[in-house]
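Student: The sequence isn't on hand, but the structure is:
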C-alpha cells in the first residue's frame, strides 16, 4: 500500500519531536508534576459580573509557536507525499489539554465522600514484576466515614482547575465513550443476554438493556456525578461532624515495563488497573476515578519522570511518529503519551 511505502524522513520526524517538546512545555505550565494535579488558573473580572481565565504570557507565546509548527508540518506532509488523515500532532491543543489533565491528575485525598460514603487517596508506586521487569501500580487507600451531621451557609462558588469550555469538552468526551461502549456491545454481542446485578432483571438482548429505564437512569446519574467531580463548591460554613469509620487498601496494576542497562525502554505492556492486592473491607464500587483514566497515559507520565529511563523508542507507543492514526481515540492516546515523553523519544 502507498501508506506503507512512504520512506522515513528524518527532517519531518525532527519537526514532530519539536512539536512534542512544545506540547510538553505547555503541559508543564498547566500541570504540577510534583503534586500530580493541575495548576490553578488565575481569573480577572470581565464586565460587571463576568470573569475570564488569564493565561501566562509564556503560555500564549508557546501556543502560537505550536500553531506555527503545525502549519509547517502540514506543509511538509504535503511536500513529502504523506497521506491526509488524523495525526497525533494535528489534534488541537485546546481539545487535548483537558483530557491530558484528567488522565494525569491523582488527588492526594478526595475532599468529599462519594455516593457510597467513601473517600480515597491515590498514588503511583513501583513494584517488582515478573522476571526482571518493573511493575507500575496505583495504590488506593479508602476511608468510610459513616453518617455525617453538618450545617452549612448558603453561599457557594465553584472552584476548578479547568475552564468552563474545558469542562464541557470533558463531559462530551465522557458521553462519547459511553455511547461507543454501548454501540460496540449492541453491534457485536446483541444476542447475549444482560443480567442486572442491581435489580435482578434479565434482558434478552443488549438493545433491550440499553433502552431500558434502568440503564437510562443509571446513565444520567453517572453523568451528573462525573460533571460534579470536575469542580469543587467552596462555601462559607459552620460544620460539626459525628461519624464512625472503616478503612481499606488496594493495589491496582497499571503497566509492566523494562529498562535495559543503557537506560533504554525495551518493553512496555498495559495492565489496565487489574487489582492484585487488597486489605480491609473494600467497598463494592471502587469509585469513579479509574473509569476516567487511561493506563497508557499514566505510564507515560511515570516513565517521563524516572531518571533511569533515558530513551523510549517510538515503536513502543504502537505507531511511528509520522504515521496517521486508525481512529481519533488512537490519535488522542498517542498525543498524550508523546507529550508526556517528549525529550526522551527516539525514532527507529
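Tutor: Good, I have the coordinates. Since the model is a prediction, treat every value here as computed from it, not as a measurement.

Student: quick check: mean pLDDT across stretch 206-224?
Tutor: With pLDDT averaged residue by residue, stretch 206-224 scores 86.

Student: what does it contact?
Tutor: 171, 174-175, 178, 182, 185-186, 189-190, 192, 194, 196, 198-199, 201, 203, 288 (CB atoms under 8 Å, 6 or more residues apart in numbering). All C-beta atoms are positioned from the backbone trio N, CA, C, and that covers glycine.

Student: for the residue sitting nearest the centre point of the chain, what are its contacts?
Tutor: Nearest to the mean C-alpha position of the chain, by CA atoms, centre = their mean, lies residue 103 at 1.8 Å. Residue 103 is in contact with 292-294, 297-298, 336, counting by CB under 8 Å, 6+ apart.

Student: Quick check: the farthest pair among these?
Tutor: Pairwise distances across the contacts of residue 103 (CB to CB) peak at 13.3 Å, for the pair 292 and 336.

Student: Excluding sequence neighbours, find me the nearest residue to residue 270.
Tutor: residue 295 (4.6 Å; CB to CB, 6 or more residues apart in numbering).

Student: quick one: contacts for the one you found?
Tutor: Residue 295 touches 254-255, 270-273, counting by CB under 8 Å, 6+ apart.

Student: at 10 Å what do you get?
Tutor: Contact analysis of residue 295 by CB atoms under 10 Å, 6 or more residues apart in numbering lists 103, 136, 138, 252-255, 269-274.

Student: Kindly reformat those as a markdown table containing secondary structure.
Tutor: Shown next, in a markdown table, are the contacts of residue 295 (DSSP: H, G, I helix; E, B strand; the rest coil):
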| residue | secondary structure |
| --- | --- |
| 103 | helix |
| 136 | strand |
| 138 | strand |
| 252 | strand |
| 253 | strand |
| 254 | strand |
| 255 | strand |
| 269 | strand |
| 270 | strand |
| 271 | strand |
| 272 | strand |
| 273 | strand |
| 274 | strand |
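
Student: tell me the pLDDT at the residue nearest to residue 270?
Tutor: 91.

Student: picking up where we left off before, give me the more crowded residue out of residue 292 and residue 336.
Tutor: residue 336 (27 against 17; other CB atoms under 10 Å).

Student: mind checking how far the more buried one is from residue 130?
Tutor: Computed with CB to CB, to the nearest Å, the distance linking residue 336 and residue 130 is 27 Å.

Student: can you check residue 214 too?
Tutor: Relative to residue 130, and taking CB to CB, residue 214 is found at 41 Å.

Student: Of these two, give the one with the bigger neighbour count.
Tutor: Neighbours per residue, other CB under 10 Å: of residue 214 and residue 130, the larger number sits with residue 214, 13 against 8.
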